[in-house]
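Trainee: here is a sequence together with a model predicted from it:
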Amino acid sequence: MKRQLPLALVFIFGIFCIFQYFVPHESSEWIYEFLLAWIYIIGILTLALGIWSLIRVSWDKVQHRRPNWQYALVTLLGLFAMITFGFDYCRSFFSSEGLRNYMFVHFFDYILIPIQATMFSLLAFFIASASYRAFRARSLLASLLLLAALVIMLRFNPYLGFVGEYMEQLATWLLNVPNLAAKRAIIVGVGLGIVATSLKVILGIERNYLGRD
Amino acid sequence: MNIFDRMMSLDRRWVFLFLAVVCVITYVWPFHIPISTTKEVESIYSFMDNLQEGDIIFLGIDYDPNALAELHPMAYAVAEHAFRKKLRIIFVTLSQNGPGMADQAIRDITDSVSVDRTYNGVFYEGRKLVNGIDYVFLGYKPYPALVILGMGQNFRIPFPSDYYGTPLDSIPMMNGVLNYDQIKCVIDLAAGNVADMWIIYGQGRYNFPLALGITGVMGADYYPYLGSRQIFGVMAGLLGAAQYEKLADNPGPAWDGMRIQLYAHIVIILFIIMGNVGFLMTRRKKKG
């Protein structure tokens, strides 16, 4: 029963969702909306579980002074600060007006945005270093990759004069012909793979998601 | 270790230092570099430019702050162009940190549109944008695929109220706006696989005109969809945003950032050339 029930549910809802996608009838849309609400309910429960797990792991690190426990403390402070400022206690506890709270907006604009943007911008330095080391004309294929990279990087260089125009045309051709052909093949392959895997899950052939017990 | 060996195995901290110096110099030294436009971006601009006053477009702010440098300028350029033409915009975000990004963009664009400006020789009088009349921000919901499918039936299914808690039925702009049938196009600015979901579950099922604004590294992945006409345009990275700014005659952060990107690319190319000269000369020596 512990295995049969989930398998039956997956089969029923999987088959229903396939048919619902192609049947825009009012009743099928109503059931779809109902299922959608259930997905959100399950999602909120997993969110609560995630928050609880984060608090437990972080608090454990702080309590036992494990390596880098200071970061865990910052995580907890950040979590509770954003939750605290996210509610608007003056109007209504559950009002979304809290999202316009002065502190909430300023924490987002002046702490979260710079932190994330800085982390991502560091990538440019690593890409520069990796390009210097990786783009070597070791073989024919590596040389082709190197040339393609150079053409794409130089395509809008205004200092190349008439060479730049050819570079732009060549870059457009690279993107629209070889790149498009390869990507299309990958997309079609991945799509067929998704269909096969989905069918295996719906028909109960693929059961890894049930766990071992 | 001879000079060619050194050219091949330069310490990466030198690469970092050179790149940082070039970025700082080009940042503090203000000059504009010429930009040429591509068909992929021109098609988005001309589509927007041909819409009529009062038409509604859908702008997806599906990115987090880490993609801010590339995608925020696109949001600014597209939204300002739309508002200047008196189009109305439905903002939605399917990215978890997206609400803050959208909220910030709306605040900045509102300020910008309140000033008189002339773009492409046309004078636009400044006006105050009103939430619920000129635009609506529906906020964020998880599970992008489900939200996209849900909005195809009725915006009120995933979003019974907007980001600020106002029920959609009491927002004037949403009067008679049920689903994608009432909007002219979807422009999704995405830094992840949400763009794929818009193609598969949105355009694939509901067949609305879709254009994408994506990060530079994602650019090559979406050319097949241009060829199959599933999307009518794509803006890739800072360059895509700069091209839109140029077409809209509204130079902004993207065009400004292009000089930094250009010189950073030149530095990277020089390092690649240096590494390869070292590599080829060393190989020749070994063979000889």
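Mentor: Thanks, I have the structure now. Quick caveat: nothing in here was measured; it's all calculated off a predicted structure.

Trainee: could you list the low-confidence segments of the chain?
Mentor: I'll assume chain A. By pLDDT under 70, the low-scoring segments of chain A are A:88-99, A:212-213.

Trainee: what's the domain layout of it?
Mentor: The record's domain split for chain A, according to automatic domain parsing, is A:1-78, A:87-134, A:138-205.

Trainee: what's the span of the first one, first residue to last?
Mentor: End-to-end distance for domain A:1-78: 43 Å, by CA to CA, to the nearest Å.

Trainee: and if you look at stretch A:152-164?
Mentor: Using CA to CA, the span of stretch A:152-164 from its first residue to its last is 11 Å.

Trainee: can you list the weak-confidence ranges in the stretch 151-288 of chain B?
Mentor: Within the stretch 151-288 of chain B, the set of residues satisfying pLDDT under 70 is empty.

Trainee: how about the residues of it by chain A?
Mentor: Within the stretch 151-288 of chain B, the positions adjacent to chain A are B:153, B:157-158, B:161, B:163-165, B:205, B:219-221, B:223-224, B:227, B:239, B:262, B:264-269, B:271-272, B:274-276, B:279-280 by CB under 8 Å from any CB of the partner chain. The way it works is simple: take the backbone N, C-alpha and C, and place the C-beta from them, glycine included.

Trainee: got a quick ChimeraX command for the buried subset of the residues you listed?
Mentor: One line in ChimeraX is enough to select the buried members of those, burial here meaning 16 or more other CB atoms under 10 Å in any protein chain shown:
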select /B:153,157,158,161,163,164,165,219,220,221,223,224,239,262,264,265,266,267,268,269,271,272,274,275,276,279
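
Trainee: now the helix or strand where A:P6 lies - C-alpha only, CSV.
Mentor: Assigned by DSSP states H and E, A:P6 falls within helix A:4-22. Provided in CSV are the C-alpha atoms of helix A:4-22 (Å, rounded to 0.1, in the frame of the first residue of the first chain):
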residue,chain,number,x,y,z
GLN,A,4,1.0,1.2,-4.6
LEU,A,5,-0.9,4.3,-3.5
PRO,A,6,1.8,6.8,-4.7
LEU,A,7,2.1,4.9,-8.0
ALA,A,8,-1.6,5.0,-8.5
LEU,A,9,-1.8,8.7,-7.7
VAL,A,10,1.0,9.5,-10.1
PHE,A,11,-0.6,7.4,-12.9
ILE,A,12,-4.1,9.0,-12.4
PHE,A,13,-2.9,12.6,-12.2
GLY,A,14,-0.2,12.1,-14.9
ILE,A,15,-2.7,10.8,-17.4
PHE,A,16,-5.3,13.5,-16.4
CYS,A,17,-2.8,16.3,-16.9
ILE,A,18,-1.8,15.0,-20.3
PHE,A,19,-5.5,15.0,-21.4
GLN,A,20,-6.3,18.3,-19.6
TYR,A,21,-3.5,20.0,-21.6
PHE,A,22,-5.4,19.3,-24.9
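
Trainee: which helices and strands does it pack with?
Mentor: helix A:26-63, helix A:178-202 (3 or more CB pairs under 8 Å, 6 or more residues apart in numbering or on different chains; DSSP states H and E).

Trainee: now tabulate these in JSON lines and tack on distance to chain B and mean neighbour count.
Mentor: As requested, the helices and strands packed on helix A:4-22 are arranged in JSON lines below (distance: least, CB to the nearest CB, whole Å; neighbours: other CB atoms under 10 Å in any protein chain shown):
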{"stretch": "helix A:26-63", "distance to chain B": "6", "mean neighbour count": "12"}
{"stretch": "helix A:178-202", "distance to chain B": "4", "mean neighbour count": "13"}
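
Trainee: in JSON lines: the domains of chain A, plus distance to B:D49.
Mentor: Written out in JSON lines, the entries for the domains of chain A read as follows (distance: least, CB to CB, whole Å):
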{"stretch": "domain A:1-78", "distance to B:D49": "33"}
{"stretch": "domain A:87-134", "distance to B:D49": "31"}
{"stretch": "domain A:138-205", "distance to B:D49": "23"}
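
Trainee: B:A79 is nearest to which of the ones you listed?
Mentor: Nearest to B:A79, of all the domains of chain A, is domain A:87-134, at 18.0 Å by CB to CB.

Trainee: ok, that closest one near chain B or not?
Mentor: Yes: for domain A:87-134, a contact with chain B is found by CB under 8 Å from any CB, at A:95-97, A:99-100, A:105, A:108-109, A:112-117, A:119-121, A:124-125, A:127-129, A:131-133.

Trainee: need the buried ones from those selected in ChimeraX.
Mentor: Under the burial definition 16+ other CB under 10 Å, those of the residues of domain A:87-134 next to chain B that qualify are selected in ChimeraX by:
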select /A:96,99,105,108,109,112,113,116,117,120,124,125,128,129,131,132
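
Trainee: narrow the residues of domain A:87-134 next to chain B to those in helices?
Mentor: Helix and strand membership here follows DSSP state H; of the residues of domain A:87-134 next to chain B, those in helices are A:105, A:113-117, A:119-121, A:124-125, A:127-129, A:131-133.

Trainee: can you get me the start-to-end distance on stretch B:57-76?
Mentor: One end of stretch B:57-76 to the other measures 14 Å (CA to CA).

Trainee: for residue 112, which non-adjacent residue is closest in space?
Mentor: The chain I'm using is chain A. In space, A:L112 comes closest to B:P65 once its chain neighbours are excluded; the distance is 6.1 Å by CB to CB, 6 or more residues apart in numbering or on different chains.

Trainee: to clarify, I was referring to chain B.
Mentor: B:E80 (5.8 Å).

Trainee: please apply the same query to B:V194.
Mentor: Excluding the flanking residues, the one nearest B:V194 by CB to CB, 6+ apart is B:D62, at 4.2 Å.

Trainee: so what pLDDT did that neighbour get?
Mentor: Model confidence at B:D62, expressed as pLDDT, equals 95.

Trainee: and the gap between B:A75 and B:M218?
Mentor: With distances defined as CB to CB, to the nearest Å, the gap from B:A75 to B:M218 amounts to 16 Å.

Trainee: looking at these two, which is more packed in?
Mentor: Set side by side, B:A75 and B:M218 show unequal neighbour counts under other CB atoms under 10 Å in any protein chain shown, the larger going to B:A75 at 26 against 21.

Trainee: give the contact list for the more buried one.
Mentor: When the contact criterion is CB atoms under 8 Å, 6 or more residues apart in numbering or on different chains, the partners of B:A75 are B:59, B:61, B:101-102, B:105, B:109, B:189, B:213.
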